[in-house]
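> sequence and computational prediction follow.
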Amino acid sequence: MRTITEIIIHCTATRLDAICTVESIRHYHKSLGWHDIGYHYVIYPDGSVHSGRPVEDVGAHCPGHNAHSIGIAYVGGLDADGHAADTRTEAQCLALLQLVRDLMEEYPITSIHGHNEFSNRACPCFDVQQWCKEVGL
């Protein structure tokens, strides 16, 4: 088993009304030449948490950090006009918090980040460090 010390949070860069599932993301990522979906977990607007790539496998979601991280994406990140925005539903916020807490109990997590901390992207369209403070992580 690999050593997991980071959680990196993403958005799918889709509108909430878009049909975006683990399978559709997997299909897109495979079209890029990847062997599987890049994320380990995907949180749908209704708050349901779906497994993507097995946690035992190195993800493909944040170059330079994949080997020791778990990638979580929430469906959303674009407003109705297609602009980057924090579109997390209340159910997604609650599910994300519970998933992060569960992962912190299971793995020696030392840091939680937004993808935008490592790339020139808006993803996940909210300030993960501020969120961690607000929710007591």
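Structure received.
> which residues does residue 22 contact?
37, 42, 50-52 (Cβ atoms under 8 Å, 6 or more residues apart in numbering). C-betas here are computed from N, CA, C, even on glycine.
> measure it to residue 96 for me?
Residue 22 sits at a distance of 16 Å from residue 96 (criterion: Cβ to Cβ, to the nearest Å).
> thought residue 129 was touching residue 116, still the case?
No: using Cβ atoms under 8 Å, residue 116 makes no contact with residue 129, being 10.4 Å away.
> ok, those two, which is more surrounded?
It is residue 116, of residue 116 and residue 129, that has more neighbours when counted by other Cβ atoms under 10 Å, with 19 against 13.
> is that one in a helix, a strand, or coil?
When states are read from DSSP: H, G, I helix; E, B strand; the rest coil, the local structure at residue 116 comes out as helix.
> now residue 59
Under three-state DSSP, residue 59 falls in the coil class.
> got the confidence number for it?
The model reports residue 59 with a pLDDT of 95.
> what about it, how many residues close to it?
Residue 59: 26 neighbours (other Cβ under 10 Å).
> cool, and residue 3?
8.
> that one belongs to a strand?
No: going by three-state DSSP, the assignment for residue 3 is coil, not a strand.
> ok, now which ones touch it?
Taking Cβ under 8 Å, 6+ apart as the test, what residue 3 contacts is 68, 108.
> then residue 47?
Residue 47 touches 89-92, 94-95, counting by Cβ under 8 Å, 6+ apart.
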